[in-house]
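Undergrad: need coordinates for the following:
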Amino acid sequence: MATALSDSGDDSLDESSGLSDSLEDSDVEVNCQSGAKQKPCKYYNKGHCKDGSKCLYLHVCQYAQKGNCRYGSKCKLKHSPSGSGSSHATNLVRSTSKGEEVVERRSDDDPKLTNGRKYQWQLDDGSGWRDIENDHIIEAQYCLPHTKSIKIYNTPHGAVSIDYNRMRVRGKNLSVRRLDDGTTTWVWYCTLRHKWREYGDKDSKGNTGPVTSSDIEKRFQSNPEDSFAFSIGSENLEIKFREMQQVGKKRNRKVTRRPVYRQPAIRVVPQVTRAFQNMSVANKPQWEFEGGNGRWHMFKHRNGTCSVSNDDIERSYQQNRSGHMTFTVNAQTYNLDFGAMIQTNLATKKTRKIRRV
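TA: Next comes the predicted model:
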């Protein structure tokens, strides 16, 4: 059964109001040893705990406990408590769509990528993690800074909406995670005049920003609970990782961190259990523009009419996801702004929304 999908952009950014969309940590891990509730030691996760073996908290990677450690088997921290073997039983407490808490007993093995993949998206309905078919489409949408979510239709669980910012499934008793091979290039973006701009990009005058994504990522990799401080002229700014916001004296701005998209090296159709075997998505992103009647229309190349095809737009977009490209329709010249997702008629200045689905 084919599965349709849609993505939700971020059309209501407010640069002056700060972040209302902060990261949320709703999953709580409880270790069942002698009835005592234990959580990962924050000092161990920062690099050192002075209490050592006497520490009352677990010396284990806090992200592995939630099933979303980006380093996987390359992580320098332990993925299971000492003395428990390669896997350990835990209780995962999570909220259902009705706000009720559900406690699940499960074995949290160190998750590993399969079939030589670069990344892997999985869902868990309580019976274990299962691969999502053709998840390169989910990954491609996740790589777009303005995309907040993706919805998959016609699954055994109905329509499944994945919230990229909070990395959770909306309104259903499902968990989602993304496994990583540890070689992903991560890009940091900030909102500027209602557009997502990559740190280090050149401004309208050709000046490069004072910091780059790689500068921020190095600090983030050393401590995801920390922050990154820098200055622009006389203004001191700070990127707070937990809140995912850039804080300044004048205003706060939204910040996001997304991977650079990598095409699958091999066309992989994973073997999945019956519960998820019908979860599939479209194979190629489609570019569309909004017509005057509110309906969306596909870009189609026609000799003498439209100078670009869907593949032309996608190719230009992959080269620079916040860039521009021009094309003609009936001798009229248009500009596509990928950062703003807007098409502009350069003669009349009329604009239309565009989208990539």
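Undergrad: helices and strands of the protein: which one bottoms out on pLDDT?
TA: The helix or strand of the chain with the lowest confidence, counting by mean pLDDT, DSSP states H and E, is strand 28-30 at a mean of 24.
Undergrad: following that one, which helix or strand shows up next?
TA: Going down the chain from strand 28-30, the next helix or strand is helix 42-46, by DSSP states H and E.
Undergrad: so for that following helix, what's the average pLDDT?
TA: Helix 42-46 comes out with an average pLDDT of 88.
Undergrad: any regions of the stretch 251-357 of the chain where pLDDT drops low?
TA: Within the stretch 251-357 of the chain, the stretches with pLDDT under 70 are 265-283, 304.
Undergrad: in it, which spans are helices?
TA: 310-319 (DSSP state H, counting those that start in this stretch).
Undergrad: all strands of it, in order?
TA: Ranges of strands in the stretch 251-357 of the chain, per DSSP state E, counting those that start in this stretch, are 252-259, 287-290, 296-298, 324-329, 332-337, 342-345, 351-356.
Undergrad: tell me the most buried of those strands?
TA: Counting by mean count of other CB atoms under 10 Å, strand 252-259 has the highest mean neighbour count of the strands of the stretch 251-357 of the chain, with a mean of 21. Quick note: C-beta positions are derived from backbone N, CA and C, even for glycine.
Undergrad: what packs against that one?
TA: For strand 252-259, the packing partners by 3 or more CB pairs under 8 Å, 6 or more residues apart in numbering; DSSP states H and E come out as helix 136-142, strand 186-192, strand 245-247.
Undergrad: how far away from the center of its chain is the helix or strand where I239 lies?
TA: Assigned by DSSP H and E, I239 belongs to strand 235-240. Its chain's C-alpha centre and that of strand 235-240 lie 23 Å apart, by CA atoms, centre = their mean, to the nearest Å.
Undergrad: buried ones in it?
TA: Buried residues in strand 235-240, counted by 16 or more other CB atoms under 10 Å: 237, 239-240.
Undergrad: gap between stretch 174-183 and the chain center?
TA: The answer for stretch 174-183 is 10 Å, by CA atoms, centre = their mean.
Undergrad: quick one: the strand holding I239 to strand 252-259, angle?
TA: Orientation of strand 235-240 against strand 252-259 (axes from the mean of the first three to the mean of the last three CA atoms, to 10 degrees) gives an angle of 50 degrees.
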